[in-house]
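>>> test case, fold it:
(2 chains)
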2 protein chains.
Amino acid sequence: MKKAVVLLSGGLDSTTCLAMAKAAGFEPVCLGIAYGQRHAVELERARKVVASMGVRDFRVVNIDLRSVGGSALTADIPVPKDRPEKEMSHGIPVTYVPARNTLFLSLALGLAEVVGAQDLYIGVNAVDYSGYPDCRPEFIRAFETLANLATKAGVEGARFHIHAPLSGMTKAEIIHEGVRLGVDYGMTHSCYDPDTQGRACGRCDSCLLRKKGFEDAGVPDPTAYTTEGK
Amino acid sequence: MKKAVVLLSGGLDSTTCLAMAKAAGFEPVCLGIAYGQRHAVELERARKVVASMGVRDFRVVNIDLRSVGGSALTADIPVPKDRPEKEMSHGIPVTYVPARNTLFLSLALGLAEVVGAQDLYIGVNAVDYSGYPDCRPEFIRAFETLANLATKAGVEGARFHIHAPLSGMTKAEIIHEGVRLGVDYGMTHSCYDPDTQGRACGRCDSCLLRKKGFEDAGVPDPTAYTTEGK
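Residues are numbered from 1 along each chain as shown, chains lettered A, B, ... in the order given. As a prediction, this is how the structure comes out:
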């Protein structure tokens, strides 16, 4: 079985991406990144996901992005709440982490070289939520070009392929695909600003998009939001 | 003064690069990376370099690449010693760290966004030692393309410039330029495999290239090698 490195945060998108990599016949090598994110609880969920999905190789790289800062996820900047959909779909939010996907793909690329994989999976999604520049297809293509120039494997003839299978899908379509592939979304975590017990706030952009995705998909949302009943 | 992010390892090349960035009129924001390298002593030297050169902003990002491995610098793979020059100039050595410069430039790019810089300096060098794929000019150009697509700043009209001023220079030329700019090479560290007191082995590729650089430049080498007198 050919290996593929799958970037796995423990969120809805990357977990679906993992299921799709498996369905495509790859043996997944999962990579989680502890970057000082406010919602590091997502990596505990990633551990549950890999255990339930029979992934044999899961690595977590620690990198302290708090020394760089510049984002609501890595610095003392409040996470926006209750933003109307119209506002969310315009501009780049303060939860943008500078150059994050470039960094994550670099780490995935290094790991791919080490384990002998030429396929990388990243759960970026440019339809529902186009605010992040490093989620766009043109970014993914530019990274693929770079990957082949940047590496020993590339020089020796490998051709890296960056798979972004969620790229053209809505959140509802992603959920349908995940359900079809047997993903248990109850294990996943999307919230940017969970409470100390890791419970989703229900009000940040990520929670709002997740909720709406389940609604649009007509699938019950298994998430326990702290705002429920209010 | 315009800011530039300078990747600084504390080695001969990156220290010269820093001097060149200053000479070009930039206010340097230096970035060191503690990646689990065998020769982490280089970062202590980087601290001396920034202090002596009046750099006001020096950050160190910690990232544990030992969980990825795959290199003599980050895994239990011996560092090659006493390699003849002909051998060094062919192929990619085991000291290659998978995707390292892609990763380093990603971190520099993120920091550039945060501090409002559009200029990045990296001390790669493709003439004396062409073994590392991510030191080639075509790699640098591909990263520049990526940088403008990957970032909020790029979307908003910034144009990142990756400066690799040592790219076409021999080690001797780099040393001449550094001496001209007042660099104290006695502060810098190049060795891949120092002893527990941080002294250079004098026998790894990096030491051999450094020694030869000083010889070719006709400049006394200030390095105390542990092999001296043997």
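>>> so which bits of the top strand by length along chain A are buried?
Longest strand of chain A, by residue count under DSSP state E: strand A:27-34. Under the neighbour-count criterion of 16 or more other Cβ atoms under 10 Å in any protein chain shown, strand A:27-34 has A:P28, A:V29, A:C30, A:L31, A:G32, A:I33 buried. Where you see a C-beta, it was placed from the backbone N, CA and C, and this is true even at glycine.
>>> nearest to chain B, of these?
A:L31 (8.5 Å; Cβ to the nearest Cβ).
>>> roughly how far is the longest strand of chain A from the heart of the chain?
11 Å (Cα atoms, centre = their mean, to the nearest Å).
>>> follow-up on the earlier one: redo the buried residues of strand A:27-34 as JSON lines? Include pLDDT and distance to A:L8.
Shown next, in JSON lines, are the buried residues of strand A:27-34 (pLDDT from 0 to 100; distance: Cβ to Cβ, whole Å):
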{"residue": "A:P28", "pLDDT": "98", "distance to A:L8": "8"}
{"residue": "A:V29", "pLDDT": "98", "distance to A:L8": "10"}
{"residue": "A:C30", "pLDDT": "98", "distance to A:L8": "4"}
{"residue": "A:L31", "pLDDT": "97", "distance to A:L8": "7"}
{"residue": "A:G32", "pLDDT": "96", "distance to A:L8": "5"}
{"residue": "A:I33", "pLDDT": "94", "distance to A:L8": "9"}
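>>> pipe those residues into CSV and attach distance to chain B per row.
Formatted as CSV, these follow (distance: Cβ to the nearest Cβ, whole Å):
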residue, distance to chain B
A:P28, 16
A:V29, 11
A:C30, 12
A:L31, 9
A:G32, 10
A:I33, 9
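>>> so which elements touch the next helix or strand after the longest strand of chain A?
Elements were assigned by DSSP states H and E; along the chain past strand A:27-34, the next helix or strand is helix A:41-52. Under the contact criterion of 3 or more Cβ pairs under 8 Å, 6 or more residues apart in numbering or on different chains; DSSP states H and E, helix A:41-52 touches helix A:12-23, strand A:27-34, strand A:57-62.
>>> ok, residues contacting helix A:41-52?
For helix A:41-52, contacts defined as Cβ atoms under 8 Å, 6 or more residues apart in numbering or on different chains pick out A:8-11, A:14-15, A:18, A:30, A:32, A:34, A:55, A:58, A:60, A:184, A:187-189, A:194, A:198.
>>> recalculate using a threshold of 10 Å.
A:6, A:8-11, A:14-15, A:18-19, A:28, A:30-35, A:37, A:39, A:55-58, A:60, A:182-184, A:186-192, A:194-200 (Cβ atoms under 10 Å, 6 or more residues apart in numbering or on different chains).
>>> on that earlier part again, tell me the angle the longest strand of chain A makes with helix A:12-23.
Computed by axes from the mean of the first three to the mean of the last three Cα atoms, to 10 degrees, the angle separating strand A:27-34 from helix A:12-23 equals 160 degrees.
>>> sheet partners, orientation included, of strand A:27-34?
strand A:3-7 (parallel), strand A:57-62 (parallel) (DSSP bridges).
>>> any idea which of these is most buried?
strand A:3-7 (a mean of 25; mean count of other Cβ atoms under 10 Å in any protein chain shown).
>>> is it possible to get TSV of the strands paired with strand A:27-34 that adds mean pLDDT and distance to A:P84?
Shown next, in TSV, are the strands paired with strand A:27-34 (pLDDT from 0 to 100; distance: least, Cβ to Cβ, whole Å):
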stretch	mean pLDDT	distance to A:P84
strand A:3-7	98	30
strand A:57-62	95	36
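>>> where does chain A have low pLDDT?
Across chain A, residues meeting the criterion (pLDDT under 70) sit at A:127-130, A:228-230.
>>> helices along that one, start to end?
A:12-23, A:41-52, A:85-88, A:100-115, A:137-150, A:152-155, A:171-180, A:205-217 (DSSP state H).
>>> chain center to the fourth one, what's the gap?
This means helix A:100-115. For helix A:100-115, the distance to the chain centre is 14 Å (Cα atoms, centre = their mean).
>>> the second one too?
Taking Cα atoms, centre = their mean, the mean C-alpha location of helix A:41-52 is offset from the chain mean by 13 Å.
>>> report the buried residues of it.
Neighbour-count burial for helix A:41-52 [16+ other Cβ under 10 Å]: A:V41, A:E42, A:L43, A:R45, A:A46, A:R47, A:K48, A:V49, A:V50.
>>> switch the residues you listed over to CSV; also include distance to B:S67.
Formatted as CSV, those follow (distance: Cβ to Cβ, whole Å):
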residue, distance to B:S67
A:V41, 20
A:E42, 18
A:L43, 13
A:R45, 19
A:A46, 14
A:R47, 15
A:K48, 20
A:V49, 19
A:V50, 15
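>>> for A:L149, give me its contacts.
A:V155, B:T102, B:P133, B:D134, B:R136, B:E138, B:F139, B:I140, B:R141, B:A142, B:F143.
>>> with adjacent residues omitted, what lies nearest to A:R38?
A:L73 (5.3 Å; Cβ to Cβ, 6 or more residues apart in numbering or on different chains).
>>> and that neighbour, how far from A:G178?
Using Cβ to Cβ, to the nearest Å, A:L73 is found at 24 Å from A:G178.
>>> check A:E215 too.
15 Å.
>>> one more: A:N125?
From A:N125 to A:G178 the distance is 13 Å (Cβ to Cβ).
>>> likewise for A:F58?
With Cβ to Cβ as the criterion, A:F58 and A:G178 are 19 Å apart.
>>> what's the neighbour count on the nearest residue to A:L149 once chain neighbours are set aside?
What sits nearest to A:L149 in space, not counting adjacent residues and going by Cβ to Cβ, 6+ apart, is B:F139, at 4.7 Å. The tally of other residues near B:F139 (other Cβ atoms under 10 Å in any protein chain shown) stands at 25.
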